[in-house]
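# Model the following, please.
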Amino acid sequence: MIRVKLRAWTASFRFPTFQSGYQPTLPVPPPSTIQGILSAAKGEPVYLTDIPYVGYVFKSEGKGIDLEKIYALGKVETDIMKREFHYKAELYLYLPDEWEEVFRKPRYQLLLGRSSDLAVVEEIKKVELEEKETALGGTVVPLELGLPGMVHALVVEYDYFTVPRRAKLVKPFVVLPFPRTEAEKRRQRVRTLQDTELGIGVYLHRWSG
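Numbering: from 1, shown residues only. Now for the predicted structure:
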């Protein structure tokens, strides 16, 4: 297994229940963002249901609010919209070994959300995860795991061969922010795999069936 570390100045992940007005960001990327990153790196559509497993951990140093000028379709009026974003963001991807060459030379630019959230590959490293009691966070997990948290129906992957693209697989998830306090670590504790170097649990999604 390899661990790919991506780093970006900013990141933002669309909140599925907010369509207009103030735009908050999800605390972690949805699976469809991971699909987008893998597709951009490989240079062709990638489907998470074709990959044996994928795990990820996201964290940032904080959040800020940006002001964006928007134009109404077919009108001359403009408006100002507030958009929340993460700053100094890091995303760790856990993938099968064959992805190492893909991330050594990504085909297209890698984004942590929107087109302005450019990311760079900072490190690719072989890792071994250890099973133990540990805190999970910076990711989404299935409801069956029994952890408390914000529940959202999120797109796992899009079908890139339809215009406009169509959600191919949607599942409910518990969204777990990266735990920062002892209380959060206790609340998000479960027996799972741990990245001992980072001291955080890693949930490996296996959507391939």
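# Run through the strands of this protein in chain order.
2-11, 55-71, 78-95, 110-111, 118-126, 130-135, 139-142, 150-159, 166-176, 189-195, 200-202 (DSSP state E).
# Go through these and name the closest to residue 30.
Across the strands of the chain, residue 30 has its closest neighbour in strand 150-159 (4.2 Å, Cβ to Cβ). To be clear about C-beta, it is placed using only N, CA and C from the backbone, and glycine gets the same treatment.
# Could you name the helices and strands sitting against the closest one?
Judged by 3 or more Cβ pairs under 8 Å, 6 or more residues apart in numbering; DSSP states H and E, the packing partners of strand 150-159 are helix 31-42, strand 166-176.
# do that again at 10 Å, thanks
Of the remaining helices and strands, those touching strand 150-159 by 3 or more Cβ pairs under 10 Å, 6 or more residues apart in numbering; DSSP states H and E are helix 31-42, strand 139-142, strand 166-176.
# For it, buried residues please.
152, 154, 155, 156, 157, 158 (16 or more other Cβ atoms under 10 Å).
# before we move on, what about stretch 54-73?
Buried, per 16+ other Cβ under 10 Å, within stretch 54-73: 54, 55, 56, 57, 58, 59, 60.
# Tell me if I'm right that the last one and residue 91 touch.
Which is residue 60. Yes - between residue 60 and residue 91 there is a contact at 9.4 Å, judged by Cβ atoms under 10 Å.
# And the residue sitting nearest the centre point of the chain, how close does it get to residue 68?
Geometric centre of the chain, nearest residue: residue 29, 2.5 Å, by Cα atoms, centre = their mean. Distance of residue 29 to residue 68, given as Cβ to Cβ, to the nearest Å: 20 Å.
# can you check residue 114 too?
Distance from residue 114 to residue 68, by Cβ to Cβ: 10 Å.
# what residues are shared contacts of those two?
residue 83 (Cβ atoms under 10 Å, 6 or more residues apart in numbering).
# you'd agree residue 71 is up against residue 80?
No - between residue 71 and residue 80 there is no contact under Cβ under 10 Å: 11.4 Å.
# one step back: joint contacts of residue 60 and residue 91?
Joint contacts of residue 60 and residue 91 (Cβ under 10 Å, 6+ apart) are 8, 11, 28, 112, 138.
# which one of those sits closest to residue 172?
Once Cβ to Cβ is applied, the member of the shared contacts of residue 60 and residue 91 that ends up nearest residue 172 is residue 28, at 14.9 Å.
# got a list of what the closest residue to the closest one other than its chain neighbours touches?
Distances taken as Cβ to Cβ, 6 or more residues apart in numbering place residue 58 nearest to residue 28, at 4.6 Å, with adjacent residues excluded. Contacts for residue 58 (Cβ under 10 Å, 6+ apart) come out as 6, 11, 13, 26-29, 33-34, 86, 89-93, 112, 137-140, 177-178.
# re earlier: now, which of the buried residues of strand 150-159 sits nearest residue 50?
For the buried residues of strand 150-159, the nearest to residue 50 is residue 157 (9.2 Å; Cβ to Cβ).
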